[in-house]
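Undergrad: pasting the structure only:
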C-alpha cells in the first residue's frame, strides 16, 4: 500500500509506504496559525516517507521541540517534524496534502482548549483539552 501527496503547486511530492496511522486534529494556536484553521496529521515512520523536490521544502522551527515543513513556492503545510529523532522515529504528514484516498479516520482532537471560538467540535471523536 502506498499513499501519494503533494503541495498545491506540485513542486514537492511524497509517498508513504504502508497504512497510515489514524490522524489527530490539533487545535493549538501554532497549528491554527500554520494551517489557517485546524491541522490534521498522521505520524508515519521516517523510513516509510519519501520526499521529492526537497529543494522546494523549507523548514520553520516553531518551538524548541519541532519544526514544520512547507513549500517555499506555494506555502502548503506538509510536515511536522520532532527535532529529537532519538526519541521520535516518526514525522507528521499533513492529511490535506494527500492526493490519494487515505483509508483512515480521525482518532482524536488535541489541544481543544486552544481552539478558535468560531467553530464547535461535534463529530463524536474523542477530545483532549491539552
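TA: Sure, I can see it. Please read these numbers as outputs of a predicted model, since none were measured by experiment.
Undergrad: show me where the protein has helices.
TA: Assigned helices in the chain, in chain order: 29-35 (criterion: DSSP state H).
Undergrad: Quick one: the strands in it, in order.
TA: With strands called from DSSP state E, the chain shows them at 2-6, 13-17, 24-26, 39-45, 49-52, 57-61, 66-71, 77-82, 90-94, 108-110.
Undergrad: which residues touch the third one?
TA: Residues lying outside strand 24-26 but in contact with it, judged by CB atoms under 8 Å, 6 or more residues apart in numbering, are 38-41, 106-111, 125. Where you see a C-beta, it was placed from the backbone N, CA and C, and this is true even at glycine.
Undergrad: Separate out the buried members of those.
TA: For those, a neighbour count by 16 or more other CB atoms under 10 Å gives the buried set as 38-41, 109-111.
Undergrad: count of neighbours near residue 52?
TA: 13 (other CB atoms under 10 Å).
Undergrad: what residues are up against it?
TA: So residue 52 contacts 12-14 (CB under 8 Å, 6+ apart).
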